[in-house]
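S.K.: Just to be clear, the model below is a prediction. Sequence and coordinates:
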Amino acid sequence: MFELNARAPFDLMRRFAPQMVARKEGWIVNITSKTAELPPSPFNAFERSSGVTLYGVTKAALNRMSVGIAAELGGTGVAVNAFAPFSIVWTPGAARTGMEKFRSLPEWVEEPIEGMAEVALAFATCDPDKVSGLCVYSTPYLQETGRKIMKLDGRTPLGDWKPIVD
């Protein structure tokens, strides 16, 4: 898990950031997770039995690395930002983890994939001198900045989205 969630992003940044710095332009966008945060006590059923601890540890490392690299590359024309969905995005991969049993919890909320796509686009097209070193939740960030969530076609606002249930 460390290889995939921490070392691979570091390796990619190490390999490509020098070229971005040389041309004075570049965007690094890392995808993190809410599980990087310390869980609140008392622990809920998800924290007690989902097996998410190690995953959260790797994403916490990615958050610190993203913001640290942003600091190191400040003023070079290269933006480094990270974002996470504010809650789970229901995908076939998420379904295979066995998290289906948690979908009935009262606090369970799902985020549309379009929210993640929109913030990735925002970070990949931002002004590196103004937007770098952020580690945010996708949909709340879009709301704070006034950016609409668009459908994946990029032409139509998503509007009122509902959690996907299969």
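M.R.: Looks like it came in fine.
S.K.: Which parts of this structure are strands?
M.R.: Remark: strands assigned in the chain by DSSP state E are 26-31, 78-84, 135-137.
S.K.: Surely Phe46 is in contact with Ser104?
M.R.: No: counting by C-beta atoms under 8 Å, Phe46 stays clear of Ser104, with 11.4 Å between them. C-beta: built from backbone N, CA, C; applies to glycine.
S.K.: Please could you give me each C-alpha atom of stretch 114-133, formatted as PDB?
M.R.: Only the C-alpha atoms of stretch 114-133 are listed here, as PDB (Å, rounded to 0.1, in the frame of the first residue of the first chain):
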ATOM      1  CA  GLU A 114     -17.900  14.400 -11.200                       C
ATOM      2  CA  GLY A 115     -16.900  16.400  -8.100                       C
ATOM      3  CA  MET A 116     -13.500  14.700  -8.200                       C
ATOM      4  CA  ALA A 117     -13.100  15.200 -11.900                       C
ATOM      5  CA  GLU A 118     -13.900  18.900 -11.600                       C
ATOM      6  CA  VAL A 119     -11.400  19.600  -8.900                       C
ATOM      7  CA  ALA A 120      -8.700  17.700 -10.800                       C
ATOM      8  CA  LEU A 121      -9.400  19.900 -13.800                       C
ATOM      9  CA  ALA A 122      -9.300  23.000 -11.600                       C
ATOM     10  CA  PHE A 123      -5.900  22.000 -10.100                       C
ATOM     11  CA  ALA A 124      -4.500  21.000 -13.500                       C
ATOM     12  CA  THR A 125      -5.300  24.400 -15.000                       C
ATOM     13  CA  CYS A 126      -4.700  26.700 -12.100                       C
ATOM     14  CA  ASP A 127      -2.200  29.600 -11.800                       C
ATOM     15  CA  PRO A 128       0.700  27.900  -9.900                       C
ATOM     16  CA  ASP A 129       1.600  31.300  -8.300                       C
ATOM     17  CA  LYS A 130      -1.900  31.500  -6.700                       C
ATOM     18  CA  VAL A 131      -3.000  27.900  -6.100                       C
ATOM     19  CA  SER A 132      -0.400  25.500  -4.700                       C
ATOM     20  CA  GLY A 133       0.100  23.600  -1.500                       C
END
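S.K.: which stretches of this structure form helices?
M.R.: Per DSSP state H, the chain carries helices over the ranges 2, 8-23, 45-49, 53-72, 92-96, 113-124, 138-145.
S.K.: No more questions from me, cheers.
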